[in-house]
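Peer 1: please find the sequence and the predicted model below.
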Amino acid sequence: MIRILIADDHLIIRQGLRLILETEDGFEIIAEAPDGTEAVRLCADLQPDVVLMDLRMPGMDGLNAIEKLRASQPEIAVVILTTYNEDDLMLRGLQAGARGYLLKDTNREALFDSIRAAARGETLLRPEIMARVLSKAGMPANPNQITAGPDLTDREHQVLTAVAKGERSKEIAVSLGITERTVKAHLASIYGKLGVDSRAAAIAVAAQKGLLR
């Protein structure tokens, strides 16, 4: 059973999500929060597996809440579910530690799949979201903020590219002819060099640094 917390400032959105998720086996809604502050507090008390996080809420917004959760409870997976179809928000959310980014007009199956992937510790980005991440590769909003990319090995580049395509560790291992343990070791090295701790954040940072061009 995947235990879920819904964080959104609109009551009707929270109720709608609850109704949708409760129709699917394997999901349990354990709490709702109207803002980021309450979401962080409830996460500390209830330890959900996954948080569905809106980005723009009164008081503490979703981005700040994600950053606080990553610092205090990194084992909790966050999936952003927002109405804001903005590339900069998307990249900031993924860099902050979210494992998925969905728009509120997404279909039920995409929502279910993203929650399950996040609960497994994986990142699942929809093809249209991934395309937008990759379209930002090497094109920061402010050219003065361009920084040199880290020195990744050829194998690390291969693993990173496969991750950006949405491949799982097992699939990457098979395609590269290495063990799954070796893939995870490469991922750990990539995370360290990029200064991140999740696949989604690695993709976002790598795109901004032009490593996925």
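Peer 2: Yes, it's here.
Peer 1: buried residues, stretch 70-86. List them.
Peer 2: Judged by neighbour count using 16 or more other C-beta atoms under 10 Å, the buried positions of stretch 70-86 are 70, 76, 77, 78, 79, 80, 81, 82. Just so you know, the C-beta spots here come from the backbone N, C-alpha and C atoms, and that holds for glycine as well.
Peer 1: I figured the last one hits residue 61, correct?
Peer 2: Read it as residue 82. No: counting by C-beta atoms under 8 Å, residue 82 does not reach residue 61; the two are 10.6 Å apart.
Peer 1: give me the common contacts of the two.
Peer 2: residue 55 (C-beta atoms under 8 Å, 6 or more residues apart in numbering).
Peer 1: quick one on the thing from earlier: mind checking which of the buried residues of stretch 70-86 land in strands?
Peer 2: Assigned to strands by DSSP state E, the following of the buried residues of stretch 70-86 qualify: 77, 78, 79, 80, 81, 82.
Peer 1: report the central residue of this structure.
Peer 2: Nearest to the mean C-alpha position of the chain, counting by C-alpha atoms, centre = their mean, stands residue 99 at 1.9 Å.
Peer 1: tell me how far the closest residue to it other than its chain neighbours lies from residue 100.
Peer 2: In space, and not counting its chain neighbours, residue 99 is closest to residue 118: 4.3 Å by C-beta to C-beta, 6 or more residues apart in numbering. Separation of residue 118 from residue 100 (C-beta to C-beta, to the nearest Å) stands at 6 Å.
Peer 1: which neighbours do the two share?
Peer 2: Residues touching both residue 118 and residue 100 (C-beta under 8 Å, 6+ apart): 79, 124.
Peer 1: helices of this protein, start to end?
Peer 2: For the chain, the helices defined by DSSP state H cover 11-21, 36-46, 62-72, 87-96, 108-119, 127-135, 154-164, 169-176, 180-194, 199-208.
Peer 1: domain ranges for this protein?
Peer 2: Using automatic domain parsing, the domains assigned to the chain come out as 2-128, 136-208.
Peer 1: remind me which residues of this structure are low pLDDT?
Peer 2: Counting by pLDDT under 70, the chain contains low-confidence ranges at 127, 134-149, 213.
Peer 1: tell me how far the spatially most distant residue from the centre of it lies from residue 9.
Peer 2: In the chain, counting by C-alpha atoms, centre = their mean, residue 177 sits farthest out from the average C-alpha position, at 27.4 Å. With distances taken as C-beta to C-beta, residue 177 is found 49 Å from residue 9.
Peer 1: near residue 132, how many other residues are there?
Peer 2: If you count neighbours by other C-beta atoms under 10 Å, residue 132 ends up with 18.
Peer 1: contacting residues for it?
Peer 2: By C-beta under 8 Å, 6+ apart, the residues touching residue 132 are 87, 90.
Peer 1: please apply the same query to residue 122.
Peer 2: So residue 122 contacts 99, 168, 199 (C-beta under 8 Å, 6+ apart).
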